[in-house]
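[1] Model the following, please.
(one chain, ligands or ions: 2)
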Amino acid sequence: MPIATRAFAATASDKPLTPYSFERRDPGPDDVAIQIKYAGVCHSDLHIVKNDLGNTTYPIVPGHEIAGVVTAVGQNVTRFKVGDRVGVGCMVDSCRQCKPCQEGEEQYCVPGMTQTYGSPDPKGAGVDQKITQGGYSSAIVVDQDFVLRIPDSLPLDAAAPLLCAGITTYSPLKTWGVGPGSKVAVVGLGGLGHMAVKLAAAMGAEVTVLSTSNRKRADAERMGARHFLINSDKEAMKAAAETFDLIINTVSATHEISGHLQLLAKDGTMVMLGLTTEGLPVFAMPLLWRRRRVAGSLIGGIRETQEMLDFCAEHGIACDIEMIAPEQINEAYARMEKSDVRYRFVIDIDKLAA
Ligand SMILES: [Zn+2]
Ligand SMILES: [Zn+2]
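    Numbering: from 1, shown residues only. Ligands and ions are numbered 1, 2, ... in the order given. As a prediction, the model looks like this:
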């Protein structure tokens, strides 16, 4: 039976999100049906709602930081059972044939992953749906291969944002080999940045936060940062030149890029995680002078996402969250646009009106 689902959806780029009802597909043999408990609010949600990328289909239910409990499983599902605590992140399927998929990096699937919301849905999101719909909703049905296990020691609410903010920062830290002795800088202490600080510190790195003001210094230190730099402080920036092995850049403002490259040591890499539609003003000189690199990184594969969740459980790490009721979502978006959130909004899905 299809699953009647309550949600909050955007119906147009200039309209607030409003209550919305639809049906999830009848769970198939490989599917896991999940009652959603919490959904994190990611900046990408806002981009899609506002049609910033120009390809949004309405109505759209955003949300790709999903935590909940299994309510049913298909006959082929062996790894999950009713009552299990599970999560769903930014993708719900991929081609499974291409090289990245074979290597467990489904996020780089060549024909393209099926995103949790807003993607053409080969399996049909519901009776009248042709595109996937996300986690600001009471239920979701997902192929077992794209369901994550949330360890018992992690609270479900603070674990939800790990499914995007956590893996987006964990993956580049692992890719660039961060460990004891690494010097890592994190630009911007927001939803992504605060997770980068916690994860890098737990991996043993010496972490520095670069921010535009002193406002979040105490928070940064509490999260494990050893140093705090104001990026407009020319003297401090000069003193920090040639210091870092890795810079995790979580902000979308492009003008700071070249100045920040000087902070990299030889062979250092700056990884861009923020979605920006502008070009990056990168000059060759600071790159070739110390063999520096500018790179990008997109979430992480399913295997690595599970590894990240287990790492967080082992190290007692989760997101700093502000809980909201579903009808506060539009207010939360307005605050998020002003970076006024410490550090992730999470929707209490149990409060969705019946
Ligand atoms: Zn996200
Ligand atoms: Zn693929």
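
[2] Kindly provide the distance from K123 to D157.
    Remark: distance between K123 and D157 (CB to CB, to the nearest Å) = 29 Å. Backbone N, C-alpha and C define where each C-beta goes, glycine included.

[3] Look at the two and report which has more neighbours.
    Using other CB atoms under 10 Å as the criterion, K123 and D157 rank with D157 on top: 19 against 15.

[4] does the more buried one sit in a helix, a strand or a coil?
    Secondary structure for D157, judged by DSSP: H, G, I helix; E, B strand; the rest coil, is helix.

[5] and it, what pLDDT?
    Reported pLDDT at D157 in the predicted model: 98.

[6] That one touches G40, doesn't it?
    No: with contact defined as CB atoms under 8 Å, D157 does not reach G40; the gap is 9.0 Å.

[7] ok, residues contacting stretch 287-302?
    Contact with stretch 287-302 is made by 89-91, 103-108, 145-146, 148, 164, 167-168, 170-172, 175, 242, 257, 261, 264-273, 280, 282, 286, 305, 308, as judged by CB atoms under 8 Å, 6 or more residues apart in numbering.

[8] among these, which are in reach of ligand 1?
    C164 (CB under 5 Å from the ion).

[9] Which of the contacts of stretch 287-302 fall in helices?
    Under the assignment DSSP state H, the contacts of stretch 287-302 contribute 167-168, 170-172, 175, 257, 261, 286, 305, 308 to helices.

[10] Can you tell me which of the residues you listed are buried?
    167-168, 170-172, 257, 261, 286, 305, 308 (16 or more other CB atoms under 10 Å).

[11] Those: which two are farthest apart?
    By the measure CB to CB, P286 and T305 form the most distant pair in these, at 33.4 Å.

[12] which regions of the chain sit below the pLDDT cut-off?
    Residue ranges of the chain with pLDDT under 70: 124-129, 252-256, 354.

[13] Show me which residues of the chain sit near ligand 1.
    Near ligand 1, when you scan the chain using CB under 5 Å from the ion, you find 42, 44, 164.

[14] mind running it again at 8 Å?
    40, 42-45, 64-65, 90, 164-165, 168, 299 (CB under 8 Å from the ion).

[15] May I ask which of these has the most neighbours?
    E65 (33 neighbours).

[16] State the distance from A196 to I248.
    5 Å.

[17] between the buried ones among the ones in helices among the contacts of stretch 287-302, which is nearest E331?
    Looking across those and measuring by CB to CB, the closest to E331 is T168, at 24.7 Å.

[18] State the distance from the closest one to S297.
    T168 is 7 Å from S297, by CB to CB.

[19] Spit out the residues that contact the two alike.
    L273.

[20] which residues in the chain form helices?
    43-49, 99-102, 156-159, 165-175, 191-202, 217-223, 234-239, 257-261, 284-289, 302-315, 329-337.

[21] Let me have the ones you listed in JSON lines, extended by distance to M1.
    Compiled in JSON lines, the helices of the chain are given as follows (distance: least, CB to CB, whole Å):
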{"stretch": "helix 43-49", "distance to M1": "29"}
{"stretch": "helix 99-102", "distance to M1": "31"}
{"stretch": "helix 156-159", "distance to M1": "26"}
{"stretch": "helix 165-175", "distance to M1": "33"}
{"stretch": "helix 191-202", "distance to M1": "36"}
{"stretch": "helix 217-223", "distance to M1": "45"}
{"stretch": "helix 234-239", "distance to M1": "60"}
{"stretch": "helix 257-261", "distance to M1": "52"}
{"stretch": "helix 284-289", "distance to M1": "57"}
{"stretch": "helix 302-315", "distance to M1": "28"}
{"stretch": "helix 329-337", "distance to M1": "29"}
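
[22] Measure how buried the closest residue to T56 other than its chain neighbours is and give me the count.
    Nearest residue to T56, sequence neighbours excluded (CB to CB, 6 or more residues apart in numbering): I48, at 5.3 Å. By the criterion of other CB under 10 Å, I48 has 22 neighbours.
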